[in-house]
Each structure stands twice: as C-alpha cells, then as structure tokens.
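Peer 1: here is my input; please provide its structure:
(one chain, ligands or ions: 2)
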Amino acid sequence: MSFLDLPPLHRAAGLIRLPGSKSISNRTLLLAALAAGDTEIHDLLDSDDTRVMLASLRQLGIDIAPIGPDSYRVKGAGGVFPVKEASLFLGNAGTAFRPLTAALALAGGRYTLSGVPRMHERPIGDLVDGLRQIGAAVDYLENPGYPPLTLQPAAIRLDRPIRVRGDVSSQFLTALLMALPLSGQAAVIEMSTELISKPYIEITLNLMARFGVKVERQGWERFSISAGQRYRSPGTIHVEGDASSASYFLAAGAIGGGPVRVEGVGRDSIQGDVAFAAALEAMGARIEMGANWMEARSPAHGKLKAFDLDLNHIPDAAMTLAVAALFADGPCTLRNIASWRVKETDRIAAMAAELRKVGATVEEDADFIRVVPPASLTPSASIATYDDHRMAMCLSLAALGGVPVRILEPECVAKTFPDYFERYAEVTAPVIAIDGPSASGKGTVAARVATTLGYHMLDSGALYRLTALAARKAGVAWEDEAAVAAIAAALPAEFEGERILLSGEEVSEAIRSEEMGDGASKVAALPAVRAALLARQRAYRRWPGLVADGRDMGSVVFPWAECKVFLTASAEARAERRHKQLIAKGVPAKITPLLQDLRERDARDTARSVAPLQKCAEAELLDTSNLSIEQAVAAVLGCARERIH
Ligand SMILES: Nc1ncnc2c1ncn2[C@@H]1O[C@H](COP(=O)(O)OP(=O)(O)OP(=O)(O)O)[C@@H](O)[C@H]1O
Ligand SMILES: Nc1ccn([C@@H]2O[C@H](COP(=O)(O)O)[C@@H](O)[C@H]2O)c(=O)n1
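Peer 2: Ligands and ions are numbered 1, 2, ... in the order given. Next up is the predicted model:
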C-alpha cells in the first residue's frame, strides 16, 4: 500500500495560488458545451474529476481544444450533443455524473452512464424520479436508486411542476436546472423537502446567468425557467480558485501561527465555501480578506476556541473544521452534516475513525459529529483515506500538532488537487534564509548547513546566472526586460546534484564565470525577471526543510522564514576569497579589478528598485571577515537551533 510520511510540523506560513474550483470547472465545461458559440475557459482545474468531464464531453462529440496552460476553447453544440449513442465512464465524479445524467436524458439519444464501485453506492434516485416526472426514459442497470443508468430518447413534457427532494444532495437540483433549458419549454421545479447545501445552487444559478439563462427563484422552494431561453457563450470565463481547497491552508494558518494567504478566492467569490473563513474566525483565528485573497493566522492569545455549529451550508469545508477541532480548547460539535454519509465515502464514520487514531474522543450520529480534542496528539498514526481526497487533505493538518503522521494512499488527492502535498510543504517546511553580498561565503555556508540538517538547498543566484546565460545564448540583450523575463519564466534548467543543466547541456562551470556573474546582476535588477522566478524559488520549500541563499531570500522570497541570516564580510576579505577561488580553478585574476567589480555589483544589488540587497530587521548579522568557514557554519546552525522547533 502506498503512503506518505509527514514530518512533525510546528509552523505554517506562506502563500498559495489555489487550483481552479471543481464546482465551477465542471459546471462551466457542461454549459459551454451546451451553449451556442465558442467559450474560452481559463484556469480550469486540472484533476481527475475535470478530466472525466472533459473526456465525456469529447466522447459526446464536443470539440474542446487546449489553448494554453489550464485553458481551453470549447465549441458549443447549441444544445444538441452530436453523438447520439455512447457509454460514459464517470469515475467517482458526482459533479460530472449528476449533471450529465439530466442533460443526456433530454438529449434524444441512447446512453449508459457508469462509474467506480463507490459511485454505484451513491444515491441518484431523487434525480431519476424528477426526470421520470417529465417523461424522460431513465433506467437502473443494477440497483434501483443507484448508478449505473441507461437513458433512451423520450418525449419531454413540462406541463406540471417537477417535484424533487433536496435533502440528500443539492447536485440533483443543479442537474435539473442546468438541463431544463435544453427543452425550450417553460419549466418549474418545486422542492418536496428542505434543500441542503444551498450555496452550491447559487453557483449553478450564477453560472447559468453568465450563459444567458435566467432562473426565477422563490425562496429555496420553487425555481422557474421561462420558455425559449437558450445557453449563449459569454465568450471568456475565468475559473475562480477552489474555496474548499483553500480551507486546508487557512486552517493551517489558524493552527500553525500563519499568516497563510490563499490567492484565487476572496470576498468576491461565488463559492459558498468562503464562509469557512467565518467559521475559523468564530474559533478565534485572525482572518483578513480581499476581493481575491484570504489570509489566516492563529488567535492573538491562547488556543483556537471550541465551537458548536450548523454546517449544512459548507459540507465539504466542514470536514476541515473537524480536524481543526483537534487544536481547540474544548469539545467541538459539527451539526446538520448528514450528506457526509453519501459522499466519496461515509465521511462521518471515516472522520470519526481517523480522528480517534490521533487521540481524539469522537461521538457520531446520523447527522452530527462531536470531537473532544486530546491533550496531545498520538504520534505516528496511519491515516486511512478511503479513496477520498478530502480525508487525505484534512487529516494532513494533524501533523501540525508536532507529530509525524502517515497518510495512506495519498494519491487520492488527484481527484481535486493533484499536487496538494507539495503545496502543503510550501507553507509548512522550515526555511533558513541566508542573504548577503557576493563572495561573503553564503553558498559555501548554506551548502554545509543543508548537509548537516539533511535539508534541501536553493542557490537562487544560480537561477539569475542561468537566465543571463540563456539570454546570451538566445541573442537577447540583458537589458531587454520583457524578452529576458520570458526566458526566465520558461527557464529549461535542471539541478542534478552538483550538475546544473540548461536545455540538457551541462553549464555548471559556464554560469560561474565573472561575466555571467555580471550578467546575472544586470538581469536581476529587472522587476519582470524577478517576478518570473518567484514561484519557482518558492517551490523549493520542501520537507524536512530548506536552506536558501541569495540577496532577497529573507525579505521577498521567504519572508516567513523562521531563521534569517545576513552573512557579510569586508569587501577586501571577499575580494581576497574570490581571488583565491579563481586561482585555485586556474583562472588568472588580480585583486584590484576583483575588488572594483565586487563594489560595483554590491552597489547595483543594493540600489535596485526591487528586492534590493538589505538586511531584514529580524535577520541575524554574521560578519565572517575574521571567521573560518567552520565558525560561520556553526553560527548559522546555532541560529537555526534557536529559531526552528
Ligand atoms: N568564512 C570564510 N572564511 C574564508 N573563506 C571563506 C569563508 N566563507 C567562504 N569562504 C570562501 O570564499 C569563497 C566564496 O564563497 P562563496 O562562493 O560561498 O560565496 P557566495 O557569497 O556564495 O558568493 P556569490 O554570491 O558570488 O555566489 C569560497 O571559495 C569559499 O570557500
Ligand atoms: N536572490 C538573489 C540571488 C542573486 N541575485 C543576483 O544574481 C547575481 C549572481 O548571484 P550569486 O549569488 O550567484 O553571485 C548577484 O550579483 C545578484 O545580482 C539576486 O539579485 N537575488
């Protein structure tokens, strides 16, 4: 069985650009396919569930072409799927299965829809009942009330309101709403029970409106679509970041100090799960929010507060609260979450079982769960994930209790967030940032500290040197900001131990020349180049930790670094070191021009407008003019021991 061992984590701080929302991605794909005209969709989520939707729509004859990273052009079929007979396999993707069932029931073709075994245990009877009321020919292939299904052509009659239950899954209503405009007739849906997860219906109505179809809503009981409305492409759609995925990072910030900022969703979001931030705030976390971002920090004083909340409106993000409860100051109750029982797994039972493994006392019932946090978490629990992405992502937060945690079958996160664990490391792995002027010894000291601690290493100067060399090879002037930034953004560089490759060619020595040092300092002064390399540098932050050396590691790239050192030496000492280094390599050199060159580079690095070389207030100053390498290494290790748990 595959597993991932998370190290004990003590702190979370950093910034994450969220992947696209699953709910918006799959709804938008279907609406674009049904609309008249072409739709460009940008920032689409790339995950198992969206791949299932893309593959199904293509199988149904929809032309979908990639036009860039996470961007597609969908040629809308104007309400008529070109393929009239197909067998679709929809995995465990509820956001594909339910809406496609309804759309295909009205499509006048012969289709079968199936999924993985768990999909065949997830109820769909309420949707099928609704479709049968309007004459659709939908049949169960195995167990009544559950997939797989067959659909046949049928005459659709919308002369009476459709009565549908809304207390098992709001996706049934979403599916009907999105499909009914295909009939061209006026349609009315009446809820025969209370509707759960209402914010997901708001997403549906919002997106339908963007595609030109207006739904009249009377409370949450009755929905009317007037006759003759057709989907029309809005031209271009940008998918928001996923608010449910944001919950893991916000919770990490609330538990592990923070700040953790997520970019891609915020105050202007159409997703109900942004309300998760309010639940964290009720626990005492400090939350800030902008139009397109949210940020969480631990309470100013003391622990997170216990809660007793009705979480019917945010069933997915509520799972994250169940794990945050481990860090609260008392028992926490999550109410009105019966829908958890019919999700990817029985999430109430699964959550109770796994929280007990880390030491919590848990009470569960049909529609609630109560979590009594332990005094300290049980180390080395093996967390089962039930092929449920959210179980894996939520429970990863337990490691913030300073205990190692084993996540079994972690690849299940691919359903909605394929690189979740890499991103989680980017806000939780400790960082030692070493900045300073040229030849101060940063690289030498950083490498030894990294080896001693078993940490990863980032030589950020090498990225600027590689950019300068790549520009030179491409015949691009170092002053041409846009062109050099484009090169930096797509830098074909690889680090294989000591070897550095550019487009597959070894350039380890070539980038160390004085000429490339000079070129690096010129391209590094260009704001667009620095912006192009920022995310790449942050991606080096991995467990068990990172030592990063450069000029702006502590100030810009890793402002959240636990340990920051400003390593310097007098210009004369540095020129002498560089001289020795060059002579040892057999490169002829003279002290005076080297000293002159260092001073010029210092001046350029210090005076530039973006990310200038400077000591951050919180950095420890280490002047190595009169220190041996061993003494400098010992001093940095001392700082790391003091500041990193
Ligand atoms: N404390 C020290 N005492 C004497 N020599 C040192 C000391 N620290 C480093 N050196 C030597 O100084 C030279 C320059 O060090 P290093 O390349 O690590 O500096 P750097 O700050 O990373 O430079 P750059 O920014 O140009 O990459 C190396 O030969 C190294 O062995
Ligand atoms: N974080 C950084 C790292 C480097 N630079 C610039 O690149 C030049 C080369 O760096 P070395 O550490 O390899 O000497 C350096 O002179 C800086 O101008 C930077 O700006 N930021």
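
Peer 1: for residue 383, what are its contacts?
Peer 2: Residue 383 makes contact with 354, 357, 358, 391, 392, 395, 398, 405, 406, 407, 408 under the criterion C-beta atoms under 8 Å, 6 or more residues apart in numbering. Just so you know, the C-beta spots here come from the backbone N, C-alpha and C atoms, and that holds for glycine as well.

Peer 1: which of those residues are buried, as a PyMOL select command?
Peer 2: Selection command for PyMOL covering only the buried members of those, criterion 16 or more other C-beta atoms under 10 Å:
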select buried, resi 354+357+358+391+392+395+398+405+407+408
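
Peer 1: adding distance to ligand 1, pLDDT and secondary structure, write the contacts of residue 383 out as CSV.
Peer 2: Formatted as CSV, the contacts of residue 383 follow (distance: C-beta to the nearest ligand atom, whole Å; pLDDT from 0 to 100; DSSP: H, G, I helix; E, B strand; the rest coil):
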residue, distance to ligand 1, pLDDT, secondary structure
354, 46, 98, helix
357, 46, 98, helix
358, 43, 98, coil
391, 44, 98, helix
392, 39, 98, helix
395, 40, 98, helix
398, 39, 98, helix
405, 36, 98, strand
406, 38, 98, strand
407, 37, 98, strand
408, 42, 98, strand
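
Peer 1: the contacts of residue 383 into a markdown table, with extra columns for distance to residue 378?
Peer 2: Listed next are those as a markdown table, based on distance: C-beta to C-beta, whole Å:
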| residue | distance to residue 378 |
| --- | --- |
| 354 | 11 |
| 357 | 7 |
| 358 | 5 |
| 391 | 17 |
| 392 | 18 |
| 395 | 13 |
| 398 | 9 |
| 405 | 10 |
| 406 | 12 |
| 407 | 15 |
| 408 | 16 |
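
Peer 1: quick one, strands of the stretch 401-550 of the chain?
Peer 2: Ranges of strands within the stretch 401-550 of the chain are 405-408, 431-435, 456-459, 493-496, 499-502, 505-506, 546-550, based on DSSP state E, counting those that start in this stretch.

Peer 1: nearest to ligand 2, out of those strands?
Peer 2: Evaluated with C-beta to the nearest ligand atom, the strands of the stretch 401-550 of the chain place strand 546-550 nearest to ligand 2, the distance being 2.4 Å.

Peer 1: and that closest one, what does it pack onto?
Peer 2: strand 431-435, helix 442-453, strand 456-459, helix 460-473 (3 or more C-beta pairs under 8 Å, 6 or more residues apart in numbering; DSSP states H and E).

Peer 1: phi and psi next, for the residue of the stretch 201-350 of the chain at minimum distance from ligand 2.
Peer 2: With C-beta to the nearest ligand atom as the measure, the residue in the stretch 201-350 of the chain that lies nearest ligand 2 is residue 261; the distance is 21.3 Å. Per-residue torsions, residue 261: phi -110, psi 140 (degrees, to the nearest 10).

Peer 1: beta partners for it?
Peer 2: residue 15, residue 295 (DSSP bridges).

Peer 1: how many neighbours does it have?
Peer 2: For residue 261, the count of nearby residues is 22 (other C-beta atoms under 10 Å).

Peer 1: between the contacts of residue 383, which is nearest residue 622?
Peer 2: residue 405 (35.3 Å; C-beta to C-beta).

Peer 1: quickly list what that closest one is bridged to.
Peer 2: According to DSSP bridges, beta-bridge pairing links residue 405 with residue 6, residue 381.
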